[in-house]
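Trainee: the following block contains a protein sequence and its predicted model.
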Amino acid sequence: MRRLFLAVVLTAAAMSFSACTPSNIQVQTEEAPSEMEEQSSTEEALQETEEPETEAVTFAEGEVPTGVNGGPGLLPTTTADQSDLPPDKRNTSAEEAQEIVSVYCVDSTGVFQQMDVVEEITADTLMERLIINGVLSEDTEIVNFTDNGDGTAVLELSELSPVYTKAKEEQVLACITDTYTENLGLTQLEIKAGGKDYGSFEFTDEYDRT
């Protein structure tokens with residue numbers, strides 16, 4: 001009986017000891033929050049170091065200067081100064097202001113009117129047109145021009161040499177007189193050339209083409 005009692009006591013003690021032994025079972029847990037935060041910070045740092053894309057810049061209409069060929073991006077242009085160039089070398093299409101003049105010329109049919117343009121109507125520019133249109137020789141120069149202020153003027157030339165050699169002296173004088181009186185608003189023009197006084201003349205259509 002005593003042995004049986006001891007056996008029961010020992011059995012109960014063993015069971016109690018086994019119940020108190022800690023379990024060796026390990027439970028897998030999710031990744032620690034600190035590690036997740038560290039990984040997220042690393043990804044953000046990599047994104048910040050990447051070079052940002054360049055955004056396209058657009059301009060509202062009228063902000064960008066327009067060049068001579070149209071289209072944006074060209075610098076504004078200005079008209080070139082041609083005042084130092086000889087008259088026959090100037091680009092007349094680029095002149096901002098031009099005056100229309102009547103130039104009277106002569107050929108085998110008589111005196112006729114030719115329309116032309118000058119930058120400014122003066123005695124010099126009218127003589128230039130008479131030379132260019134083949135009325136007077138290229139060697140012709142104005143020695144003096146005097147506007148008397150009463151509708152009359154005196155024009156003195158270095159010579160009186162017509163380009164059309166068959167032109168009569170009266171026809172050449174008519175070309176000069178009609179050109180100057182009509183464009184300068186004169187009533188009478190006295191003409192001198194090569195030391196000779198040819199007299200005073202008024203606008204005439206006597207030698208016009210017939």
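Mentor: Received it, and whenever you're ready, just let me know what you need. Residues are numbered from 1 along each chain as shown.

Trainee: any regions of this protein where pLDDT drops low?
Mentor: For the chain, applying pLDDT under 70 flags the ranges 1-96.

Trainee: show me where it has strands.
Mentor: In the chain, the strands defined using DSSP state E lie at 99-107, 110-118, 142-147, 152-157, 188-193, 196-201.

Trainee: from residue 145, how far off is residue 155?
Mentor: Distance from residue 155 to residue 145, counting by CB to CB, to the nearest Å: 5 Å. Glycine gets a C-beta too; all of them are placed from N, C-alpha and C.

Trainee: the more surrounded of these two?
Mentor: Shown here are residue 155 and residue 145; by other CB atoms under 10 Å, residue 155 has more neighbours (23 against 18).

Trainee: what is that one paired to in the beta sheet?
Mentor: residue 145, residue 191 (DSSP bridges).

Trainee: can you check residue 106 too?
Mentor: Beta-bridge partners, per DSSP bridges, of residue 106: residue 111.

Trainee: contact partners for it?
Mentor: 112, 135, 162, 164, 167, 171, 172, 174, 175, 207 (CB atoms under 8 Å, 6 or more residues apart in numbering).

Trainee: closest to residue 197 among those residues?
Mentor: Set against residue 197, the nearest of the contacts of residue 106 by CB to CB is residue 172 (15.4 Å).

Trainee: ranges for the helices of this protein?
Mentor: 2-20, 33-49, 123-132, 169-184 (DSSP state H).

Trainee: need the contacts of residue 106 in JSON lines with distance to residue 198 and neighbour count, can you?
Mentor: Putting the contacts of residue 106 into JSON lines (distance: CB to CB, whole Å; neighbours: other CB atoms under 10 Å) gives the following:
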{"residue": "112", "distance to residue 198": "21", "neighbour count": "14"}
{"residue": "135", "distance to residue 198": "15", "neighbour count": "26"}
{"residue": "162", "distance to residue 198": "13", "neighbour count": "19"}
{"residue": "164", "distance to residue 198": "18", "neighbour count": "15"}
{"residue": "167", "distance to residue 198": "14", "neighbour count": "20"}
{"residue": "171", "distance to residue 198": "13", "neighbour count": "21"}
{"residue": "172", "distance to residue 198": "10", "neighbour count": "25"}
{"residue": "174", "distance to residue 198": "11", "neighbour count": "23"}
{"residue": "175", "distance to residue 198": "13", "neighbour count": "26"}
{"residue": "207", "distance to residue 198": "15", "neighbour count": "20"}
